[in-house]
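# Can you look at this prediction? I've put the sequence above it.
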Amino acid sequence: MKKPLLIPVMVVFVAGMILGACAAPSPAPSQPTAPAKPAPAQPIELTIALGSPPGHTNTVTWERWAKEVEEATKGRVKFKTFIGGALLKEPEICDGILKGIADAGNFLPAFTPGRFNVLEAFELPGLGPSSGTSSSMAMWEAFKTIKPAEYKDFKMLWCASPGSAHIGTVKKPVRNLADIKGMEIRGSGITKNALDALGAVGVAIPMPETPIALQKGIVDGVAHTLETIVTEKFGDYFKWNTICYVYSAFRFHAGMNLQKWNSLPPDIQKIINDISDGYAKKHGEQMDINHEKGWKFMQDNKIEVIRLAPDEYERWVKAWEPVRNKWVADMKAKGLPADDYVKMATDLLAKYYKQYPDPIAKYMK
């Protein structure tokens, strides 16, 4: 009798059905995952150290340069600018850049005498009239032509100069060499030597202390460019201004830490180079804008502008000859072709002055 086999078969069949129903369903085909978006690159952050206050020619120019670089790099480079000596005081900026305390900044070779010699030829007295634009472009061309080894530890961005310097006085006017004899006049570096050669007493005090020194009678006057009448507020204190071209240029250097520069991508370097090369002219133009403001301030505030008679000016130039001769001798003793530097400075100042004359010249015809 074979019927009993039916029950076990049925049990196996039903168990298979139950187990099949309880089994996990087959996984669905996996969908490809979208690749993760790379994190946006962090901008390169660079610091700028300036000794100048807000609104000063140097401050305005550097802020303009930084903005132009940021825009040209589409935000890949960002600057943090410290003005008014907030990061480094003006005499500290040169070494502060070398040490990497600041990545870039505006430094004055006058604070490091004997260290930067070649372009000092531009500061010799009696080289004639100049403007901010003409003296800045002349100096930058000289730098690019000579490529002085004394700047090898910097990446130089541009050179700038405020142009011709004159003498503002508080207690009495200066119309000739007899008037200036014994007067204490603020000036530094070669300018101090030039004042001494005129019979004055050159007083080398820091620029920020000069307004107080004028106000308190610590000095009788200051060798200055016309833009400082408004940017340094010298015009608030002196009553006379003698046009005399104590110097035709004063060195302002825009430099960057060389290691920081070398760390920048090549395309960023090219952008900065292309922009910076035009800033000798732009920095000088900003100087000239403020020269005109200085002139207007003198007119509005009845500051007398004194122009030396031609024969009197020749006496001043003659008095400066020993200063120039000593500088040449000192540079030759260092093995430098000083005569060539003086000739280059004289020729380039004259060349660019024809294109970019002093903006106040039109007022003195």
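Received it, and whenever you're ready, just let me know what you need. Numbers count the residues shown, from 1 in each chain.

# May I have stretch 271-291 as PDB, with CA atoms only?
Presented in PDB, the C-alpha positions along stretch 271-291 are these (Å, rounded to 0.1, in the frame of the first residue of the first chain):
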ATOM      1  CA  ILE A 271      50.000  88.600 -13.200                       C
ATOM      2  CA  ILE A 272      51.800  90.400 -10.400                       C
ATOM      3  CA  ASN A 273      54.800  91.300 -12.700                       C
ATOM      4  CA  ASP A 274      52.600  92.600 -15.400                       C
ATOM      5  CA  ILE A 275      50.600  94.800 -13.000                       C
ATOM      6  CA  SER A 276      53.600  96.000 -10.900                       C
ATOM      7  CA  ASP A 277      55.600  97.100 -13.900                       C
ATOM      8  CA  GLY A 278      53.100 100.000 -14.500                       C
ATOM      9  CA  TYR A 279      53.100 101.100 -10.800                       C
ATOM     10  CA  ALA A 280      56.200 103.300 -10.900                       C
ATOM     11  CA  LYS A 281      54.100 105.600 -13.100                       C
ATOM     12  CA  LYS A 282      50.900 105.100 -11.200                       C
ATOM     13  CA  HIS A 283      52.600 105.700  -7.800                       C
ATOM     14  CA  GLY A 284      54.300 108.900  -9.200                       C
ATOM     15  CA  GLU A 285      51.000 110.100 -10.700                       C
ATOM     16  CA  GLN A 286      49.400 109.800  -7.200                       C
ATOM     17  CA  MET A 287      52.300 111.900  -5.900                       C
ATOM     18  CA  ASP A 288      51.600 114.500  -8.500                       C
ATOM     19  CA  ILE A 289      47.900 114.700  -7.700                       C
ATOM     20  CA  ASN A 290      48.900 115.500  -4.100                       C
ATOM     21  CA  HIS A 291      51.500 118.000  -5.200                       C
END
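
# okay but F107 is in contact with R251, surely?
No: if you go by C-beta atoms under 8 Å, F107 and R251 don't touch, sitting 9.1 Å apart. Heads up, the C-betas are built off the backbone N, CA and C, glycines and all.

# Settle it for me: which of the two has more neighbours?
A count of neighbours by other C-beta atoms under 10 Å puts F107 above the other of F107 and R251, at 29 against 20.

# What residues does the more buried one make contact with?
F107 makes contacts with E90, I93, C94, I97, F252, H253, G255, as judged by C-beta atoms under 8 Å, 6 or more residues apart in numbering.

# buried sites along the longest helix that the chain contains?
Across the chain, the helix with the greatest residue count (assigned by DSSP state H) is helix 310-333. Neighbour-count burial for helix 310-333 flags Y313, W316, A319, W320, V323, R324, W327, V328, M331 (criterion: 16 or more other C-beta atoms under 10 Å).

# Check stretch 137-154 too.
M137, A138, M139, W140, E141, A142, F143, P148, Y151, F154.

# The residues you listed into CSV, with extra columns for distance to W261, secondary structure and pLDDT?
Conversion of the buried residues of stretch 137-154 to CSV gives the following (distance: C-beta to C-beta, whole Å; DSSP: H, G, I helix; E, B strand; the rest coil; pLDDT from 0 to 100):
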residue, distance to W261, secondary structure, pLDDT
M137, 23, helix, 98
A138, 25, helix, 98
M139, 21, helix, 98
W140, 18, helix, 98
E141, 22, helix, 98
A142, 22, helix, 98
F143, 16, helix, 98
P148, 17, coil, 97
Y151, 13, helix, 97
F154, 9, strand, 97
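
# Serialize those to a markdown table and add fields for distance to N193.
Putting those into a markdown table (distance: C-beta to C-beta, whole Å) gives the following:
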| residue | distance to N193 |
| --- | --- |
| M137 | 26 |
| A138 | 22 |
| M139 | 20 |
| W140 | 25 |
| E141 | 26 |
| A142 | 21 |
| F143 | 23 |
| P148 | 22 |
| Y151 | 24 |
| F154 | 26 |
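
# Among those, which one sits closest to V118?
Set against V118, the nearest of the buried residues of stretch 137-154 by C-beta to C-beta is P148 (4.2 Å).

# Around the closest residue to the closest one other than its chain neighbours, count how many other residues there are.
Nearest residue to P148, sequence neighbours excluded (C-beta to C-beta, 6 or more residues apart in numbering): V118, at 4.2 Å. Neighbour count of V118, defined by other C-beta under 10 Å: 23.

# Quick check: pLDDT value at V118.
Reading off the confidence values, V118 has pLDDT 97.
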